[in-house]
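[1] Prediction below, plus the sequence it came from.
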Amino acid sequence: MKIMIVRSLALLMTGWIAIPCAQAGDEPPKTLKERFSYALGMQMGNDIGQMSAKDKLDSALFLRGLKDQLDGKKTLLTAEDADKTREEFQKSMHDEMIKEAQEAANKNRTEGEAFLAKNKERKEVTTTVSGLQYEVITPGNGPKPKATDTVKVHYLGTLLDGTEFDNSYARKEPVTFPLDRVIPGWTEGLQLMPVGAKYRFFIPADLAYGKRGAPPKIGGGSTLKFEVELLEIVKPEAAK
């Protein structure tokens, strides 16, 4: 639940705000108290409506619990039962999220494996022992970096469906990094490239972000596509 909802509920539960009687008809609220009360209700409704658990909320019982607490009536649950219920619900939501993430990761992995199996049949594609696939877009004639080198590159990263998740070209700024600080597919792939070359890499999940992915843009088990242009091997002094 969002922090704002919690704060709003805290205000209500401590009795700082009284809910006014419903207005007749659909006339806008007029006094500050009326307007603020209605605005707070709008805010809470909007925030709760955006929650993934909104479909699991019984709005009638939610309003009953709110009103019983504000009116000082005996509640249907004790405070201890309410705490246990919230913990149970949060656990069930957490378990459900993990299950959905695992199912999505398995689906991504299956689709990735099928894609790579078909992709390796193309004559332009080379597959390494690790399973990394690449094709040369533009050959280069410079030196090749070692795993301990720092390189400067431009790149475009997409999912298999073409969804773009990173693009240094769009930022108009190349990226500099040590080759031993990136995903294994990049560490291996960049060492195959001479300076000045541009390659397209097809990186299986195990050489990318694995079953966890890199949320929110890269789901677990995702095979990734990269177009990478190796601009230079950065000298140690410059890298520092």
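    Great, that's in hand. Numbers count the residues shown, from 1 in each chain.
[2] part of a helix, is residue 186?
    Yes. Counting by DSSP: H, G, I helix; E, B strand; the rest coil, residue 186 is located in a helix.
[3] can you start the count at 3 instead of 1 from here on
    I'll keep to 3 as the first residue from here, and by that count the last item is residue 188.
[4] so it makes contact with residue 180?
    No. If you go by CB atoms under 8 Å, residue 188 and residue 180 don't touch, sitting 10.8 Å apart. Every residue, glycine included, has its C-beta placed from N, CA and C.
[5] When these two are compared, which one has more neighbours?
    Between residue 188 and residue 180, counted using other CB atoms under 10 Å, the more crowded position is residue 188 (23 against 15).
[6] pLDDT below threshold where in the chain?
    Residue ranges of the chain with pLDDT under 70: 3-27, 54-56, 240-242.
[7] Can you tell me the centre-most residue of it?
    residue 218 (1.1 Å; CA atoms, centre = their mean).
[8] what about it, which SS state?
    On the three-state scheme (three-state DSSP), residue 218 is labelled coil.
[9] contacting residues around it?
    If you count contacts by CB atoms under 8 Å, 6 or more residues apart in numbering, residue 218 has none.
[10] Could you name the helices and strands sitting against whatever helix or strand residue 112 lives in?
    Element membership for residue 112, per DSSP states H and E: helix 81-121. When contacts are defined as 3 or more CB pairs under 8 Å, 6 or more residues apart in numbering; DSSP states H and E, helix 81-121 packs onto strand 200-205.
[11] residues making contact with the helix or strand just after the strand it packs on?
    Reading on from strand 200-205 to the C-terminus, the next helix or strand found by DSSP H and E is strand 226-236. Here strand 226-236 makes contact (CB under 8 Å, 6+ apart) with 139-140, 142, 144-145, 147, 151-162, 176, 178, 187-188, 191-192, 195-205, 210-211, 220.
[12] and those, which are buried?
    142, 147, 151-159, 161-162, 187-188, 191-192, 195, 197, 199-205, 210-211, 220 (16 or more other CB atoms under 10 Å).
[13] quick one: the helix holding residue 112 to chain centroid distance?
    On the basis of CA atoms, centre = their mean, to the nearest Å, helix 81-121 sits 13 Å off its chain's mean C-alpha point.
[14] and what of stretch 75-88?
    Relative to the centre of its chain, stretch 75-88 is centred 34 Å away, using CA atoms, centre = their mean.
[15] what does that stretch contact?
    Everything outside stretch 75-88 that qualifies as a contact, by CB under 8 Å, 6+ apart, is 66, 67, 69, 70, 71.
[16] Would you show me how to pick out the buried ones of those residues in ChimeraX?
    Only the buried members of the contacts of stretch 75-88 enter the following ChimeraX selection, criterion being 16+ other CB under 10 Å:
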select :67,71
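[17] Out of the contacts of stretch 75-88, which is nearest to residue 128?
    Checking those against residue 128 with CB to CB, the nearest one is residue 67 at 62.8 Å.
[18] and that closest one, helix, strand or coil?
    helix.
[19] State the distance from it to residue 47.
    15 Å (CB to CB, to the nearest Å).
[20] mind exporting stretch 218-226 as CSV, just the C-alpha atoms?
    Taking Å, rounded to 0.1, in the frame of the first residue of the first chain, the C-alpha atoms of stretch 218-226 are listed here in CSV:
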residue,chain,number,x,y,z
PRO,A,218,11.0,-3.0,-14.5
LYS,A,219,12.2,-3.1,-18.1
ILE,A,220,13.8,-6.5,-18.4
GLY,A,221,11.9,-9.5,-17.1
GLY,A,222,13.4,-12.6,-15.7
GLY,A,223,14.7,-15.2,-18.2
SER,A,224,14.9,-12.6,-21.0
THR,A,225,17.1,-13.1,-24.1
LEU,A,226,18.4,-9.7,-25.1
